[in-house]
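> Sequence and computational prediction follow.
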Amino acid sequence: MSEPVRIGPVLAETFPTCQHPRGEIRYKIIADGRKQIATQCLVCGVNTDGRWLPQAGIDMAQVRPWDNDLPAAYQRSQASVRNARIRSERLSRHLEYEHYITESEQWWEIRTKVMRRDNHWCQACLDALATEVHHKTYDHLYREVLWELEAVCHTCHQRIHNLIE
């Protein structure tokens, strides 16, 4: 069986409902069993102009069926792209933060003040010497307010961040 013949060219324009550049005339079977035709976006699967077209003069045997899987596939691909972008942004922020707390003179000055204020004593358990400074909030990251920071031991810091129980 040969590939069905397309009715007219694949449309190359942007559409009011999706802004993608490619669409094709296709049919959809509605509740009463009749076929309706519209231009389906070949990227996201929507009805490109939001209306059904008249069938007069169209050989319905040459019109391909509506692809009901296109919208879900498009949503999955968009979610995948979005998730990759979010992971990349998180990694970038994390690397920037790591550089700040390991290399920045500004952070070491702040850290020294907090450790001195808390007498190098863990403010979470009050049983161990503090080895780290914990951000209670990241609202003022890179321009910290000292009362939003506290000296903690390594074990408590991991427990605060739910890395251990």
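Everything's here; your move. Numbers count the residues shown, from 1 in each chain.
> Where do the strands of the chain begin and end?
11-12, 22-29, 35-41, 64-65, 132-135, 149-152 (DSSP state E).
> which of the ones you listed is buried the deepest?
For the strands of the chain, average neighbour numbers computed from mean count of other C-beta atoms under 10 Å are highest in strand 149-152, which has a mean of 23. Every C-beta, even on glycine, is put in place using the N, C-alpha and C of the backbone.
> So which elements touch the longest helix anywhere in the chain?
Longest helix of the chain, by residue count under DSSP state H: helix 70-103. Packing partners of helix 70-103 (3 or more C-beta pairs under 8 Å, 6 or more residues apart in numbering; DSSP states H and E): helix 105-117.
> before we move on, back to that, name the residues of the longest helix of the chain that are buried.
Leu70, Tyr74 (16 or more other C-beta atoms under 10 Å).
> ok, now how distant is Gln62 from Ser104?
67 Å (C-beta to C-beta, to the nearest Å).
> now do Arg116
Computed as C-beta to C-beta, the Arg116 to Ser104 distance reads 18 Å.
> More neighbours: those two, which one.
Set Arg116 next to Ser104 and count neighbours by other C-beta atoms under 10 Å: Ser104 wins out with 13 against 10.
> got the domain boundaries for the protein?
Domain assignment for the chain by automatic domain parsing gives 11-68, 104-160.
> Looking at those domains, which is nearest to Tyr74?
Among those, the nearest to Tyr74 by C-beta to C-beta is domain 11-68 (4.2 Å).
> Work out the gap between that closest one and the centre of the chain.
On the basis of C-alpha atoms, centre = their mean, to the nearest Å, domain 11-68 sits 29 Å off its chain's mean C-alpha point.
> mean confidence for it?
The average pLDDT within domain 11-68 is 83.
> How about stretch 152-164?
Stretch 152-164 shows a mean pLDDT of 92.
> what is the orientation angle of the longest helix of the chain with helix 105-117?
Relative orientation of helix 70-103 versus helix 105-117 (axes from the mean of the first three to the mean of the last three C-alpha atoms, to 10 degrees): 70 degrees.
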